[in-house]
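Enquirer: got a structure for you, letters missing:
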């Protein structure tokens, strides 16, 4: 059975059931049940029309559940046996699902879980494995999310920005479990980009492609983090880079700059340099200026300080860092890097050790500990 | 979401307010305590925030490598060891503030006299996987 095809059909089939009158939560359950049956039935008897098969089976599952529900409550059967004709797919159901699953009333974690299930077609078990929580916990997170959006009308126009935040979160979660969330985020963003003409959707897709292209070079064979400057650039995926750059260039012609386009532009400039030394840091600083203007984010200012350090020298970088809150995540790591470049290994070693203690994740902590150890060994000899 | 460990100590944490040792509680007080812990875990499962919870025996042994081809050396338990972990709960929550709120609720588990123990719990963030986008 082609799991990829099946997963692509998931949001379409949910959409069709909703248009026929099913509530979103019931439609979503019915489609999950139909997917389970497809796993059983398709290998022996592959359907000629997979979508038609899923719609038929899911609709039957929905009717069964609705009948069981109504008879349990001793109510009259409200749902007719034959599907209502419905308006078909005039409005894009998949797009509506993206909006619903990223509805602003949901917490980010709920929106992520619901998107992966209803739009991505992943099972609760797969999502639980990806986020390293028990299946029961993830099942509850999803059913709470469905209750939260129960009152939202399916055809309400949504905000693309909230959808993009959800997809960004999925992408940035990386690949800790069995499911490659980065790859899944790209698939869902690509699908969204095909259905909208929104420059920031394209910007996010470009950003993801450009970062994904570097994935083979980001970790060494022993699992350690390889910083951008030290990566073996021959491992970068040139096909993904070319696609990312194309998508970004088209987005930029709209002349409506947003944070994802700006971030993608920075990633594209890195991708464009054959060696770390050839990096166009002056242009990167300009894009960080745009990013700071667009987001006013302290993280963007911190990254800008690194870029300034490369473009105008470590003193300028330290000056850019001076106005920022030392409590910012990675502040000490950036300061350590700039002090080392400024020829002060004693301060750098102390700051690297401090940064390692407050590192938010294991690969970064190990990397920073190695930096501190390297400098301290150099100072001893 | 971020994962946190709520760590409960037999020994090593500051004294709780209601500091009567468990073996001096009445059976009803013990039952009420256990029920509170179970209800708490069940509620967290319901909110999609529960990851794991385990209790540990106070008995433990220190073990270390003793060279090639030799069995490991064991020792202890050491009466003088300050820190003794009693158990943990792992939660997956949206914010650090939520982790603190839940630890506060767990610390309110009833003890002697049916009143909250006000036990000190340690909240420790997990080190996560590295995010894809950092620069």
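Expert: That came through fine. Everything numeric here is computed off the predicted structure, so don't read it as measured data.
Enquirer: what's the single longest helix in the chain?
Expert: Defaulting to chain A. For chain A, the longest helix by residue count, based on DSSP state H, is helix A:50-72.
Enquirer: think we crossed wires, I meant chain B
Expert: Max-length helix for chain B by DSSP H is helix B:27-46.
Enquirer: average pLDDT across that one?
Expert: The average pLDDT for helix B:27-46 rounds to 94.
Enquirer: re earlier: which other helices and strands contact the longest helix of chain A?
Expert: Judged by 3 or more C-beta pairs under 8 Å, 6 or more residues apart in numbering or on different chains; DSSP states H and E, helix A:50-72 is in contact with helix A:3-19, helix A:24-41. Glycine gets a C-beta too; all of them are placed from N, C-alpha and C.
Enquirer: could you point out which element follows that helix?
Expert: Using DSSP states H and E, the next helix or strand after helix A:50-72 towards the C-terminus is helix A:93-101.
Enquirer: and the helix or strand just after that following helix, is it in reach of chain B?
Expert: The helix or strand immediately downstream of helix A:93-101 is helix A:108-114, counting by DSSP H and E. Yes - against chain B, helix A:108-114 shows contacts by C-beta under 8 Å from any C-beta of the partner chain at A:108, A:109, A:110, A:113.
Enquirer: from the middle of its chain, how far away would helix A:108-114 be?
Expert: Computed by C-alpha atoms, centre = their mean, to the nearest Å, the chain-centroid distance of helix A:108-114 equals 11 Å.
Enquirer: which element is residue B:85 on?
Expert: Following DSSP H and E, one finds residue B:85 within strand B:84-93.
Enquirer: So which elements touch that strand?
Expert: For strand B:84-93, the packing partners by 3+ C-beta pairs under 8 Å, 6+ apart come out as strand B:2-11, helix B:27-46, strand B:50-55, helix B:96-107.
Enquirer: quick one: contacts of it?
Expert: Strand B:84-93 has contacts (C-beta atoms under 8 Å, 6 or more residues apart in numbering or on different chains) with A:109, A:131, A:133, A:137, B:1-12, B:41, B:44, B:48-56, B:58, B:60, B:99, B:102, B:106, B:126.
Enquirer: try 6 Å this time
Expert: A:133, B:1, B:3-12, B:49, B:51-56, B:99, B:102 (C-beta atoms under 6 Å, 6 or more residues apart in numbering or on different chains).
Enquirer: Please apply the same query to stretch A:231-243.
Expert: Contacts of stretch A:231-243 (C-beta under 6 Å, 6+ apart): A:209, A:212, A:213, A:214, A:216, A:217, A:271.
Enquirer: try stretch B:33-40
Expert: The contact list for stretch B:33-40 (C-beta under 6 Å, 6+ apart) reads B:106, B:109, B:110.
Enquirer: go on, stretch A:98-110?
Expert: A:111, A:114-115, A:118-119, A:141, A:145, A:148-149, A:152, A:158, A:162-163, A:166, A:169, A:192, B:1, B:94.
Enquirer: Give me the distance between it and the centre of its chain.
Expert: 14 Å.
Enquirer: Now it: buried residues?
Expert: A:98, A:99, A:100, A:101, A:102, A:103, A:106, A:107, A:109, A:110 (16 or more other C-beta atoms under 10 Å in any protein chain shown).
Enquirer: do stretch A:108-117 as well
Expert: For stretch A:108-117, the neighbour count (16+ other C-beta under 10 Å) marks A:109, A:110, A:111, A:112, A:113, A:114, A:115, A:116, A:117 as buried.
Enquirer: With pLDDT and distance to residue A:355 added, can I get those in TSV?
Expert: Converted to TSV, the buried residues of stretch A:108-117 look like this (pLDDT from 0 to 100; distance: C-beta to C-beta, whole Å):
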residue	pLDDT	distance to residue A:355
A:109	92	27
A:110	94	33
A:111	95	32
A:112	95	28
A:113	95	32
A:114	96	36
A:115	96	33
A:116	95	33
A:117	95	37
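Enquirer: Just the closest of those to residue B:83, please.
Expert: For the buried residues of stretch A:108-117, the residue nearest residue B:83 by C-beta to C-beta is residue A:109; the value is 32.4 Å.
Enquirer: Please tell me how far the closest one sits from residue A:307.
Expert: 32 Å (C-beta to C-beta, to the nearest Å).
Enquirer: So which helix or strand of chain B has the lowest pLDDT on average?
Expert: Taking mean pLDDT, DSSP states H and E as the measure, chain B has strand B:73-75 as its least confident helix or strand, at a mean of 89.
Enquirer: could you say what helices and strands that strand packs with?
Expert: strand B:62-64 (3 or more C-beta pairs under 6 Å, 6 or more residues apart in numbering or on different chains; DSSP states H and E).
Enquirer: which outside residues touch the strand it packs on?
Expert: With C-beta under 6 Å, 6+ apart as the test, strand B:62-64 has contacts from B:72, B:73, B:74, B:75, B:76.
Enquirer: show me what contacts the second one?
Expert: The contact partners of residue B:73, taken as C-beta under 6 Å, 6+ apart, are B:64, B:66.
Enquirer: I'd like the distance between residue B:115 and residue A:124.
Expert: Residue B:115 is 40 Å from residue A:124, by C-beta to C-beta.
Enquirer: neighbour-wise, which of the two wins?
Expert: The neighbour comparison of residue B:115 against residue A:124 (other C-beta atoms under 10 Å in any protein chain shown) goes to residue A:124, with 20 against 12.
Enquirer: which residues of chain A score low on pLDDT?
Expert: A:1, A:72-91, A:174-178 (pLDDT under 70).
Enquirer: need the residues of it near chain B, please.
Expert: Contacts of chain A with chain B, taken as C-beta under 6 Å from any C-beta of the partner chain, map to A:107, A:109, A:133, A:136-137, A:140-141, A:172, A:174, A:176, A:182, A:211, A:303, A:361-364.
Enquirer: Quick one: buried ones out of those residues?
Expert: A:107, A:109, A:133, A:137, A:140-141, A:172, A:174, A:182, A:211, A:303, A:361, A:363-364.
Enquirer: Go through those residues and flag which are in helices.
Expert: Using DSSP H, these in helices are A:109, A:137, A:140, A:141, A:172, A:182, A:211, A:303, A:363, A:364.
Enquirer: which of those residues sit farthest apart?
Expert: A:140 and A:303 (36.7 Å).
Enquirer: tell me how far the ends of stretch A:107-127 are from each other?
Expert: Taking C-alpha to C-alpha, to the nearest Å, the first and last residues of stretch A:107-127 lie 16 Å apart.
Enquirer: so how far is it off the chain centroid?
Expert: Centre-to-centre, stretch A:107-127 and its host chain are 12 Å apart (C-alpha atoms, centre = their mean).
Enquirer: what's the first-to-last distance across stretch A:249-256?
Expert: OK, stretch A:249-256 end separation, C-alpha to C-alpha: 12 Å.
Enquirer: Same question for that stretch: list its buried residues.
Expert: Counting neighbours by 16+ other C-beta under 10 Å, one finds that the buried residues in stretch A:249-256 are A:251, A:252.
Enquirer: Repeat that for stretch B:75-89.
Expert: Under the neighbour-count criterion of 16+ other C-beta under 10 Å, stretch B:75-89 has B:85, B:86, B:88, B:89 buried.
Enquirer: tell me which of those is nearest to chain A?
Expert: residue B:89 (12.4 Å; C-beta to the nearest C-beta).
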